[in-house]
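J.: Fold the following for me, if possible:
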Amino acid sequence: MIYCLTGELLLLNATNMTAVIDCGGVGYKLTVSGNAVTMLAGAGEGSKVRVFTYMSVREDAVDLFGFANEEELDIFKLLISVSGVGPKAAISILSVMSAQDLINTIVAEDAKAISRAPGVGAKTAARVVLELHDKVEKNYFVSSSAPAPTAKGSKAAGAKATGHLSDARDALLVLGYTRSEVANALTGADPKADTEDIIRTALAKLMK
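T.: This is a model prediction of the structure:
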């Protein structure tokens, strides 16, 4: 596994989110995050740079993904642990927000913000929030400037709505359903509905 690359930046294409780094005479092409693009653009082509990497190996291709720091790499690995989220979707999310912004967004349960990433639909974004919320809240620093979970209305109403979804998720997990099953069942749930109604609707999906 290639953990990082240190070498000369030969090429940076901000439009396609790609970079080529020369390490000992070998040019490595990477798909890079938005934060990495900013870092590399600041250094400039011909400069010595370092990017942290993840190698995706498939039957038909081997792809390298590059990140500005270890935190981004860690969050990328967390994203691809979500069912249905591959490396391309994860790098797409990190192309529209920083790792810290993503942490704040997940804790705020703002799936809509995540769905703005190219190629990431509402269902996938909701699954990211549902499967990673507890893990992120427990293991990562959340900025004090993180937005409160919002829906239309007051902050208190938004927090209450978020609580309904969280309570429903916890109840379904206690019943023995996996996080993936719960994520699918709660996709499209109305956060304004009562916890009991959310659970009832989710169970109807799970029992089909």
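J.: In contact with the residue in the chain sticking out farthest from the centre, which residues?
T.: For the chain, the C-alpha farthest from the mean C-alpha position belongs to G25; by C-alpha atoms, centre = their mean, that distance is 33.6 Å. The contact partners of G25, taken as C-beta atoms under 8 Å, 6 or more residues apart in numbering, number zero. In this view, the C-beta of every residue, glycine as well, is placed from N, C-alpha and C.
J.: how's this structure carved up into domains?
T.: Structural domains assigned to the chain are 4-67, 83-88+97-139, 155-206, following automatic domain parsing.
J.: L73: which of the ones you listed is closest?
T.: domain 4-67 (4.4 Å; C-beta to C-beta).
J.: per-residue confidence for the residue farthest from the centre of the chain?
T.: We note a pLDDT of 94 for G25 in this prediction.
J.: Provide the backbone phi and psi angles at it.
T.: Dihedral angles of G25 (phi, psi; degrees, to the nearest 10) stand at phi 90, psi 0.
J.: Would you mind measuring from it to D101?
T.: Taking C-beta to C-beta, to the nearest Å as the measure, G25 falls 37 Å from D101.
J.: if we can go back for a sec, show me the one of the domains of the chain that comes nearest F76.
T.: domain 4-67 (6.0 Å).
J.: in the helix or strand containing L9, what's buried?
T.: Using DSSP states H and E, L9 maps to strand 4-13. Buried residues in strand 4-13, counting neighbours by 16 or more other C-beta atoms under 10 Å, are found at L5, G7, L9, L12.
J.: Give the closest residue to the one residue sitting closest to the centre of the chain in space, chain neighbours not counted.
T.: Centroid-nearest residue in the chain: L79, 4.6 Å away (criterion: C-alpha atoms, centre = their mean). Counting by C-beta to C-beta, 6 or more residues apart in numbering, L79 lies nearest to A90, which is 3.8 Å off, once chain neighbours are set aside.
J.: quick one, helices of the protein?
T.: 34-43, 70-79, 87-96, 99-107, 111-114, 122-139, 155-174, 179-186, 195-206 (DSSP state H).
J.: now those helices in CSV, with mean pLDDT and distance to M17?
T.: Shown next, in CSV, are those (pLDDT from 0 to 100; distance: least, C-beta to C-beta, whole Å):
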stretch, mean pLDDT, distance to M17
helix 34-43, 90, 6
helix 70-79, 94, 13
helix 87-96, 92, 6
helix 99-107, 90, 16
helix 111-114, 91, 17
helix 122-139, 89, 19
helix 155-174, 61, 32
helix 179-186, 77, 27
helix 195-206, 80, 36
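J.: Go through those helices and name the closest to E59.
T.: Using C-beta to C-beta, the helices of the chain put helix 87-96 closest to E59, at 14.6 Å.
J.: Dump the closest one to PDB, restricted to CA.
T.: Output of helix 87-96 as PDB, limited to C-alpha atoms (Å, rounded to 0.1, in the frame of the first residue of the first chain):
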ATOM      1  CA  PRO A  87     -13.800   5.800  -3.700                       C
ATOM      2  CA  LYS A  88     -15.100   8.000  -6.400                       C
ATOM      3  CA  ALA A  89     -18.200   9.000  -4.400                       C
ATOM      4  CA  ALA A  90     -16.000   9.600  -1.400                       C
ATOM      5  CA  ILE A  91     -13.500  11.800  -3.200                       C
ATOM      6  CA  SER A  92     -16.500  13.700  -4.800                       C
ATOM      7  CA  ILE A  93     -17.800  14.500  -1.300                       C
ATOM      8  CA  LEU A  94     -14.300  15.700  -0.300                       C
ATOM      9  CA  SER A  95     -14.200  17.900  -3.400                       C
ATOM     10  CA  VAL A  96     -17.000  20.100  -2.200                       C
END
